[in-house]
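> structure of the sequence below:
(chains A and B)
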Amino acid sequence: MAFENLTDKLTKVFKNLRSKGRLTEDDVKVALKEVKLALLEADVNYKVVKTFIKSVEERAVGTEVLEGLNPGQAVIKIVNEELTNVLGSETVELKFEPGQAITVIMLCGLQGAGKTTTAAKLAGKFIQKGKKPLLVALDVYRPAAIKQLQVNGEKQGVDVFSMGDNVKPVEIAKASIEYAKNNKHNVVIFDTAGRLHIDEELMNELVEIKKNVDVHKTLLVVDAMIGQDSVNVASDFNQRIGIDGLILSKMDGDTRGGAALSIKSVTGVPILYVGMGEKLSDLEQFYPDRMANRILGMGDVLTLIDKVMAETEEIDKDKEKDMMARLKKGKFDFNDYLESMNQMKKMGGLSSMLGLMPNLGISKDDLEGAIDEKQIKQMEAIVLSMTKKERANPKLLNPQRKHRIAKGAGVDISVVNRFIKQFEQTQKMMKQMPGLMGGKKRHGFGGGFRMPF
Amino acid sequence: MEKEKTGFFAKLKNGLNKTRINLLDGLDSVFHGFSEIDDDFYEELEEVLVMADIGVMTTGEIIEEIKTLVKVEHIKKPEDCREYLIDLLAKRLTVDSEGYSFENEKSIIFVIGVNGVGKTTTIGKLAYNFKKDNKKVLIAAADTFRAAATEQLEVWAERVGVTMIGSKEGTDPASVIYDALQSAKAKDMDILLCDTAGRLHNKKNLMEELKKMNRIIDKEFPGIHRENFLVLDASTGQNALNQAKEFKEACDITGIILTKMDGTAKGGIAIAIWQELKIPVKFIGVGEGIEDLQKFDSKSFVKAIFEES
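As a prediction, this is how the structure comes out:
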């Protein structure tokens, strides 16, 4: 599969490796080969990838592998940290000019990047912050671009300044500042026409605007789906006009968005916002760590690792002891079953949980066939259809009760029978193997996590 | 405000030049910067191909093919690889004349793609081309979502001098398509061009909306020649492959229009898409002017990429 999850790949690579202690050069090399592919598939620029991999390699060799992680995961951890580092360690807020002074923001970018939509979204955001923004229509080339801004402005309840499409953008920009002063606007947003970074004439136009008007922030709007060319675009815009920040649009698609890393690497400017939808409210703050995960194609795996750890600590120790004792005696009832179900749900479902277990060497693909989450829901429905007494004392379940439960759970009686039989077998098994549960010190993600059957 | 016009051919050549010079830079140093075919050469070649957005997978496949060729044909020098590479890629992208049969019969052209790739502009250019061939052209403005999309298309329709059927923002786009179909029938149009709203391919309901429009066309005009064009921004990275897959799922794509080829992006993703989905590129966009749409000719395209001027 082309877009296999990086974690899956690394799991496969390290299936037979159980090296402990420090990461060897070979460990790192093998893992980073996969990371390189993942980054390239995510559209990070080739040259950026090369440099990045090199710096990770230097850092990773010799690093200690934490208890509970395999070498692949250890490398991922470092890669992820480095990625977050490059992307910006924290969320950056757009700074306004002090007091009632006007902040002038100019949006620029290629055609179709989403400048006009973003301009209106920004204006909406600023209103929420108590500002009085003014949108200025500087795209005098694309048919109906002005109209588009006007319509969007109206939806947001923001004033739109335009002078039609027969006046030079520089002149419109100058006039708009006067207008803003007279009408007590304190943020002015220039929506400029889309242009190619190699279009001399149009790039000059932006330079002219900056010469004639005090532009405080020049923001580059980039389509998150852009490929290798992102470096050319960003560095040209930065060199010619100078940019202060980046907005990534169309992040609600399924692109991995490697351009974020490329652009950050070549320009160093912070990523301020991401466009997450077509609604005018869909402009979100940028979170470097989330982006790092996305680029690596690990979805929320790292977040899940954190979650598991947090949950593990949270579990009530007494309750756990109590349950363990009951388990040893084989007194595992349906209440315990429900309890462990709930615990698992809190941690994000069974397949994602198992995918996270270290050293299991199973990939998500394997899991999907083996465990049917639907079936688990069915079992839950069956338990929930039981009375409290029945849950505590499975022996009560006679055919009549079973029929009632089947109806309640919306399943066939045979399903209920099978489930109860399975449950009884599990009970027996637990009685026979007291050594299996408890005793040994559990560590890592395994702690507090029990299989429900 | 109209930008000053440069001549059509000059512009076209310019657009291609930009594309060419960029790839050439890299490729030339590959083919001429190495004295023998070794791992370093292949690594450099990988870099150039990946940088053209061809993608790691497809690049890997291409390099494997070249390696085999090198063995079978006993190629010794890197520069001799060049011709083989051009052949390899050109062969892959060739569109036969049948791919353009819609130009000679009554056809409905349905234009789809993600946001901001240039669908509306492309429709304007297509309309101009058909009008030049004395076809009776009707445009359906079925982007009823984006603010002022209909107005934008209206400007194009006026420029070209063709009729457009549109509606208010927020109208069901399927109803616009339906109206346009009725009008095309009544007026016996040669070509119906349907513009649609940009939509990300992972939005299920929007893809369903496309299917619905597609069904209506099939139902109202059974048997008519259909073209479903996916418009792709040439600067798009690997996500374009997902786009092509998902849109193909919603309605059978008959061709790709690669826009913004006048920039520095190389549009290499088209090669990856061909490799995996066998969808041909039929047109390329090389500017914002009404004449800036060219038929995609694989040979001159690949040549323009690799050949020295």
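
> who is B:I257 paired with across the strands?
Beta-bridge partners recorded for B:I257 (DSSP bridges): B:V231, B:F283.

> any idea how far the residue of the stretch 51-200 of chain A found nearest chain B is from B:S183?
Across the stretch 51-200 of chain A, no residue is closer to chain B than A:G112, which sits at 2.9 Å (CB to the nearest CB). Yep, even glycine has a C-beta here, placed from its N, CA and C like the rest. Distance of A:G112 to B:S183, computed by CB to CB, to the nearest Å: 29 Å.

> the two: which is more packed in?
A:G112 (24 against 15; other CB atoms under 10 Å in any protein chain shown).

> okay, strands next: where are they in the stretch 51-200 of chain B?
In the stretch 51-200 of chain B, the segments counted as strands under DSSP state E, counting those that start in this stretch are B:107-112, B:137-142, B:163-165, B:191-196.

> check whether the second one comes near chain A.
No. Residues of strand B:137-142 contacting chain A under CB under 8 Å from any CB of the partner chain: none, with a closest distance of 11.2 Å.

> tell me which residues in that strand are buried?
Neighbour-count burial for strand B:137-142 flags B:V137, B:L138, B:I139, B:A140, B:A141, B:A142 (criterion: 16 or more other CB atoms under 10 Å in any protein chain shown).

> angle of that strand against strand B:107-112?
Interaxial angle of strand B:137-142 relative to strand B:107-112 (axes from the mean of the first three to the mean of the last three CA atoms, to 10 degrees): 30 degrees.

> let me know the pLDDT of A:T303.
A:T303 is assigned 50 on the pLDDT scale.

> again with A:N45
pLDDT, read off for A:N45, is 96.

> run a quick neighbour tally on it.
Neighbour tally, A:N45, other CB under 10 Å: 28.

> check contacts around the residue of the stretch 51-200 of chain A closest to chain B.
A:G194, A:D223, B:N115, B:G116, B:V117, B:G118, B:D233, B:K260 (CB atoms under 8 Å, 6 or more residues apart in numbering or on different chains).

> got a list of what the nearest residue to the first one once chain neighbours are set aside touches?
In this case it means A:G194. Spatial nearest neighbour of A:G194, chain neighbours left out: A:Q111 (3.2 Å); criterion: CB to CB, 6 or more residues apart in numbering or on different chains. By CB under 8 Å, 6+ apart, the residues touching A:Q111 are A:R142, A:G194, A:R195, A:L196, B:G116, B:G118, B:K260, B:E288.

> helix/strand/coil for the closest residue to the fifth one other than its chain neighbours?
Nearest non-adjacent residue to B:G116, counting by CB to CB, 6+ apart: A:G112, 2.9 Å away. Taken by DSSP: H, G, I helix; E, B strand; the rest coil, the conformation at A:G112 corresponds to coil.

> returning to that earlier point: tabulate the strands of the stretch 51-200 of chain B in CSV, adding columns for mean pLDDT.
Formatted as CSV, these follow (pLDDT from 0 to 100):
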stretch, mean pLDDT
strand B:107-112, 98
strand B:137-142, 98
strand B:163-165, 97
strand B:191-196, 98
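
> how about those, which one is nearest A:V86?
Closest to A:V86 of the strands of the stretch 51-200 of chain B, according to CB to CB: strand B:107-112, at 35.6 Å.

> any regions of chain B where pLDDT drops low?
Applying pLDDT under 70 to chain B flags residues B:1-29, B:303-309.

> buried sites along stretch A:403-420?
Neighbour counts over stretch A:403-420 (16+ other CB under 10 Å) mark A:R404, A:I405, A:A406, A:A409, A:V411, A:V415, A:V416, A:F419, A:I420 as buried.

> could you pull out the helices in the stretch 51-200 of chain B for me?
Taking DSSP state H, counting those that start in this stretch as the criterion, the stretch 51-200 of chain B contains helices spanning B:56-72, B:78-93, B:119-132, B:149-160, B:173-186.

> just say which of those helices is most tucked in.
A comparison of those by mean neighbour count, using mean count of other CB atoms under 10 Å in any protein chain shown, puts helix B:119-132 on top with a mean of 23.

> can you tell me the residue of the stretch 151-300 of chain A closest to chain B?
In the stretch 151-300 of chain A, the residue that lies nearest chain B is A:G227 (2.7 Å; CB to the nearest CB).

> may I have the phi/psi pair for that residue?
With angles defined as degrees, to the nearest 10, A:G227 shows backbone torsions of phi -100, psi -140.

> burial measure for the nearest residue to it once chain neighbours are set aside, as a count.
Excluding the flanking residues, the one nearest A:G227 by CB to CB, 6+ apart is B:G237, at 2.7 Å. B:G237 has 32 neighbouring residues, counting by other CB under 10 Å.

> correct me if wrong: B:G237 contacts A:V222.
No. Using CB atoms under 8 Å, B:G237 is not in contact with A:V222, being 11.6 Å away.

> joint contacts of those two?
Listed as contacting both B:G237 and A:V222 by CB under 8 Å, 6+ apart are A:S230, A:A259.

> so the residue nearest to B:A157 when sequence neighbours are not counted bridges to which residues?
Using CB to CB, 6+ apart and skipping the chain neighbours, the partner closest in space to B:A157 is B:M164 (3.9 Å). Note on B:M164: beta-bridge partners B:I139, judged by DSSP bridges.

> residues in contact with B:M164?
Listed by CB under 8 Å, 6+ apart, the contact partners of B:M164 are B:L138, B:I139, B:A140, B:A141, B:L153, B:E154, B:A157.

> measure the residue nearest the centre of chain B to A:K168 for me?
Centroid check for chain B by CA atoms, centre = their mean gives B:I257 as the closest residue, at 1.7 Å. Separation of B:I257 from A:K168 (CB to CB) stands at 32 Å.
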